[in-house]
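after the sequence you'll find the predicted model.
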Amino acid sequence: MLVNTQKSSSLSLLVADVLLLTKVRLTLSVVFSSIAGYLLAASSPSVWHIFLLTVGGYGLAGASNAYNQIIEKDIDAKMNRTKNRPIPSGRMTVYRAFVIASFLLILGLAVLYYLNPRTAMFGAISVFLYTCAYTPLKTVTPLSVFVGAIPGAIPFMLGWVSETGSFGVEPGVLFMIQFFWQFPHFWAIGWYLHDDYKRAGINMLPTGKPDRATALQIMLYTLWTIVISVFPVLGYSGALLLSVPAAIAVFLAGLVFLWFGIALYRNLDRTNATKLLVVSIVYISVVQWIYVLDKFL
């Protein structure tokens, strides 16, 4: 009985560490973005397709996050926010993490390839840029945010491509929405974690410090995010459509997003950076929900 209890406890700890290794909350948000993109493209949504997109998306996003933690194990050990992750804490070896990441990568690519080859191609590009470009650049230059915004923007458009098998203006617009959104989101993180990042030699802010010039750039990119988010209402985005009421709702959500950027510009403090970070996450989810509901209601 005691042996079974110990085995059960060990398995629970392993599952918990795998979830930490794959950054489960972040990965699920990536999966949600992909599903939203698929629903916007599908005339008759398929539960089977959504299931495959969920498995494939989690596989690739989880693999990216796991490889990221392998590469940054020494950096993670220096930061309060990350020192308890499975690898720096010593609960998981690099070898085991690599095996898990590789399994998820192969699984994700195989499932997305089953949907169509182009979906797997964009998924592979996302993993490559995140692990081989963005991750190593984080300790070199703030331009890493630009590089990281590319794989970060792929999931929304990936869902569309998984249905159509082609890349056109519609997935391009979905990509741009999430691409521009990445900048205020990343910079809010960089501001909020500036001291922690500084200890690890990471600087994600465009000016290198949490100052008024950085806050100004956050506001400017938030404005671009709002513009591209309401763009489909003009009717120039192919089959990707947005009604006037939905566009107004997206615009109002954007104004809330911008308001918190203005608050950061005025106060230049960590508290407002934290609020902006939370609002940025809420904003992209709200926009995706509005797009999907606008199509089906």
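Good, I have the coordinates.

may I see the buried residues of stretch 209-229?
By neighbour count with 16 or more other Cβ atoms under 10 Å, stretch 209-229 contains the buried residues 210, 214-215, 217-219, 221-226, 228-229. For glycine as for every other residue, the C-beta is placed from the backbone atoms N, C-alpha and C.

meant to ask about stretch 37-44, not that
Gly37, Tyr38, Leu39, Leu40, Ala41, Ala42.

thought Gly165 was touching the fifth one, still the case?
Read that as Ala41. No - using Cβ atoms under 8 Å, Ala41 makes no contact with Gly165, being 10.1 Å away.

residues in contact with stretch 40-51?
Stretch 40-51 has contacts (Cβ atoms under 8 Å, 6 or more residues apart in numbering) with 35, 38-39, 115, 159-160, 162-164, 170, 174, 239-240, 291-292, 295.

that stretch - what's its average pLDDT?
Averaging pLDDT along stretch 40-51 yields 96.

CA atoms of it as CSV?
Extracted in CSV, the C-alpha atoms of stretch 40-51 (Å, rounded to 0.1, in the frame of the first residue of the first chain):
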residue,chain,number,x,y,z
LEU,A,40,-12.9,32.0,-38.2
ALA,A,41,-12.0,29.9,-41.3
ALA,A,42,-14.3,26.9,-40.9
SER,A,43,-17.7,27.0,-42.4
SER,A,44,-18.7,23.9,-40.4
PRO,A,45,-16.3,23.5,-37.5
SER,A,46,-15.2,19.9,-36.7
VAL,A,47,-14.7,18.7,-33.2
TRP,A,48,-12.1,16.2,-34.5
HIS,A,49,-10.2,19.1,-36.2
ILE,A,50,-10.2,21.1,-33.0
PHE,A,51,-8.9,18.0,-31.1
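
report the distance from it to the chain centre.
Chain-centre distance of stretch 40-51: 21 Å, with Cα atoms, centre = their mean, to the nearest Å.

over to stretch 12-30?
14 Å.

quick check: Gly201 vs Tyr134, distance?
Applying Cβ to Cβ, to the nearest Å, one obtains 15 Å for the distance of Gly201 from Tyr134.

out of those two, which sits in the busier spot?
In terms of neighbours (other Cβ atoms under 10 Å), Tyr134 is the more surrounded of Gly201 and Tyr134; the figures are 21 against 11.

quick check: chain neighbours aside, which residue is closest to the more buried one?
Gly148 (3.8 Å; Cβ to Cβ, 6 or more residues apart in numbering).

got it, and Tyr291?
Nearest residue to Tyr291, sequence neighbours excluded (Cβ to Cβ, 6+ apart): Leu40, at 5.9 Å.

now the one you found: how far from Asp294?
For Leu40, the distance to Asp294 - Cβ to Cβ - is 9 Å.

helices or strands next to the helix or strand hosting the residue nearest to Tyr134 in the packing?
Using DSSP states H and E, the element containing Gly148 is helix 144-164. Here helix 144-164 touches helix 24-41, helix 47-71, helix 117-129, helix 169-192, going by 3 or more Cβ pairs under 8 Å, 6 or more residues apart in numbering; DSSP states H and E.
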